[in-house]
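Undergrad: The following block contains a protein sequence and its predicted model.
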Amino acid sequence: MLKIHQIFILKFLILFIGTLAVTAFVSYIALKTTIIEQNKQHLKNAIEFIEMELQSKDNLDELVSKVNDKTSLRVTIINSEGIVLAESNADKNSMDNHSNRYEILQSNNNKYGDITRYSKTLKVDFLYVAKRISYDTKSVYIRLSKSLSQVMDEFYTLWYRLFFVFLGIIFIATYLSRNMSQKIVYDIEQITSYLDEISNKNYKAVVKTKYFYEFLQISLLLKNLVKKLDKNDRKKIKNMARLRLINKQRNDILSALSHEFKNPVASIIGYAQTIQEDNDMPENIRNKFLSKISSNGNKISKMLDRLALSVKLENDDLDIKKSEFEIKKLCNEVASNLASKHKDREIIVEVDEAVILSDKTMMELVLINLVDNALKYSNNDVKITFKGKKISIIDSGIGIKKDDLDKVTSKFYRVDKNSWDNSMGIGLAMVSYILKSLETSLDIESEFTKGSKFSFSVKGMIKN
């Protein structure tokens, strides 16, 4: 199977040689016709000259012989009856009557008569031109002829020269076609090599076409395509990493859910079975067990509520309801509620008096999560401060490593992977979502082993 550059050069040469062949044929016909016409005109001019000389000559045989010597033309003078009066190349007495010759008859109606005919006398094709003139008060015909072999020799000489010119043009065209073909091959090899590199995902490969604008356009389009492929591959890798992270997080949350729900569910089942099996259980113990069942049920309900709320926050489906409230009073309520849960810990509230316009429920949820988180990861006192427009929760616990600072607000992420402690990794993620809905953000400052500070600005302050 031929390659594209071979097809190109083959078709180019066929078209070029075909064009030359047609041109040569047309030129052949045109040149032949032109040369014959030129010779006709030459004979006519010679007849005009002989006509002038004839008026002053008495010896016609001498005249035709002299003209033949000077011009190599065959000269014949014929009277009105067709009898040859003088002939330069043959014996006039042995010649036939010429009254019915075509060129003689044509010259009676036209100024000149001409024809190409085979001469029986000289056994050669001749071009004949005749003219009727007046000589010595009588009509005579001057007929000149020239051998066509001589005319064609002149034509073939010219044609051979043109043939060699055409042959030279063909060689030049072949060389130029071959040179162009090599350039096409170079550009095609550059593109195919580039495509091979792309197929091996080498998106940094370089393509350098340098001869043809069309191949340059193709290479530019390929470069744009490679950029898109590279971008899509990077995006694909990023998405795969994200999917792996999501799968890992899902596995973590399933483990967390399993772990977190296992204890309260086991407690509920245990207390319920004990009550069922002991019909004589004292009333106070029964009530205590029922209280435990209720407490664990509430615990499961709160865990489910936290999950549902985190989903709403992530989907921007949270309905913010703003109202005026005192921030110091809210901080004291949060501290009091959490202090009852952590009876051996102290929560210090250093909050300035201020009234703000915001969603109190969401603000309370943020404070509960941040303070509870601080209590969980520290053993010392936890402090709530509010100065200017910034609320901060400060602890002196284990702190957060630098590598974990950007990740702690991710959903389902926990710094301590092996410590569940009623945590599913959604606390800080939920806080970040809520603060975003409240048009602010969480700022974390932490030093590993020395403690952390979680802060956010309060929007909508009315007075302080």
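TA: Happy to help now that I have it. All values reported here derive from a predicted model rather than from experimental measurement.

Undergrad: tell me the domain boundaries of the chain?
TA: Segmentation of the chain into domains, based on automatic domain parsing, reads 4-156, 212-317, 318-463.

Undergrad: weakest of those by average pLDDT?
TA: Of all these, the minimum mean pLDDT falls on domain 212-317 (a mean of 77).

Undergrad: Off-centre distance for it?
TA: 43 Å (Cα atoms, centre = their mean, to the nearest Å).

Undergrad: cool, and stretch 113-132?
TA: 75 Å.

Undergrad: List the buried residues of that stretch.
TA: Buried residues in stretch 113-132, counted by 16 or more other Cβ atoms under 10 Å: 113-115, 119, 126-132. Just so you know, the C-beta spots here come from the backbone N, C-alpha and C atoms, and that holds for glycine as well.

Undergrad: end-to-end on it?
TA: Stretch 113-132 has an end-to-end distance of 9 Å (criterion: Cα to Cα, to the nearest Å).

Undergrad: and if you look at stretch 204-217?
TA: 19 Å.

Undergrad: Next: stretch 108-120.
TA: 24 Å.

Undergrad: So which residues lie in contact with it, not counting its own?
TA: The contact list for stretch 108-120, computed with Cβ atoms under 8 Å, 6 or more residues apart in numbering, reads 36, 40, 43-44, 47, 102-107, 124-132, 145, 148.

Undergrad: Take those and keep only those in helices.
TA: 36, 40, 43-44, 47, 102-107, 148 (DSSP state H).

Undergrad: Closest one of these to Val366?
TA: Closest approach to Val366 among the ones in helices among the contacts of stretch 108-120 (Cβ to Cβ): Ile36, at 112.5 Å.

Undergrad: ok, the closest one touching Leu127?
TA: Yes. Counting by Cβ atoms under 8 Å, Ile36 does reach Leu127; the two are 6.7 Å apart.

Undergrad: mind listing the helices for the stretch 51-200 of the chain?
TA: 60-71, 102-109, 148-199 (DSSP state H, counting those that start in this stretch).

Undergrad: what do you get for the stretch 351-464 of the chain?
TA: Using DSSP H, counting those that start in this stretch, the helices of the stretch 351-464 of the chain run over 360-376, 402-405, 427-437.

Undergrad: export the second one as PDB, just CAs?
TA: Listed in PDB are the C-alpha atoms of helix 402-405, where the atom choice follows Å, rounded to 0.1, in the frame of the first residue of the first chain:
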ATOM      1  CA  LYS A 402       0.600  21.200  61.600                       C
ATOM      2  CA  ASP A 403      -0.200  18.400  59.100                       C
ATOM      3  CA  ASP A 404      -3.700  18.000  60.700                       C
ATOM      4  CA  LEU A 405      -4.600  21.700  60.900                       C
END
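
Undergrad: Tell me the buried residues in it?
TA: Result for helix 402-405 [16+ other Cβ under 10 Å]: buried residues 404-405.

Undergrad: Compare the helices of the stretch 51-200 of the chain and report which one is nearest to Ser94.
TA: helix 60-71 (14.6 Å).

Undergrad: what's that closest one packed up against?
TA: Counting contacts by 3 or more Cβ pairs under 8 Å, 6 or more residues apart in numbering; DSSP states H and E, helix 60-71 packs against helix 4-54, strand 74-79, strand 84-87.

Undergrad: Most tightly packed of those?
TA: strand 74-79 (a mean of 22; mean count of other Cβ atoms under 10 Å).

Undergrad: Report all helices and strands that that strand contacts.
TA: helix 60-71, strand 84-87, strand 138-147.

Undergrad: Including distance to Lys389, could the helices of the stretch 51-200 of the chain go into CSV?
TA: Shown next, in CSV, are the helices of the stretch 51-200 of the chain (distance: least, Cβ to Cβ, whole Å):
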stretch, distance to Lys389
helix 60-71, 125
helix 102-109, 124
helix 148-199, 55
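
Undergrad: Relative to Gly460, which of those is closest?
TA: So among the helices of the stretch 51-200 of the chain, helix 148-199 is nearest, using Cβ to Cβ, at 55.6 Å.

Undergrad: Tell me how far that closest one lies from the chain's centre.
TA: Worked out by Cα atoms, centre = their mean, helix 148-199 lies 34 Å from the chain centre.

Undergrad: For Ser446, which residues are in contact?
TA: By Cβ under 8 Å, 6+ apart, the contact list for Ser446 reads 399-400, 405, 452-453.

Undergrad: And for Glu53?
TA: Leu63 are the contacts of Glu53 under Cβ under 8 Å, 6+ apart.

Undergrad: Longest strand in this protein, please.
TA: strand 124-135 (DSSP state E).

Undergrad: residues making contact with that strand?
TA: The contact list for strand 124-135, computed with Cβ under 8 Å, 6+ apart, reads 36, 39-40, 43-44, 47, 51, 54-55, 74, 101, 103-104, 106-108, 111-119, 139-149, 151.

Undergrad: What pairs with it, parallel or antiparallel?
TA: strand 113-119 (antiparallel), strand 138-147 (antiparallel) (DSSP bridges).

Undergrad: Give me the angle between that strand and helix 102-109.
TA: 30 degrees (axes from the mean of the first three to the mean of the last three Cα atoms, to 10 degrees).
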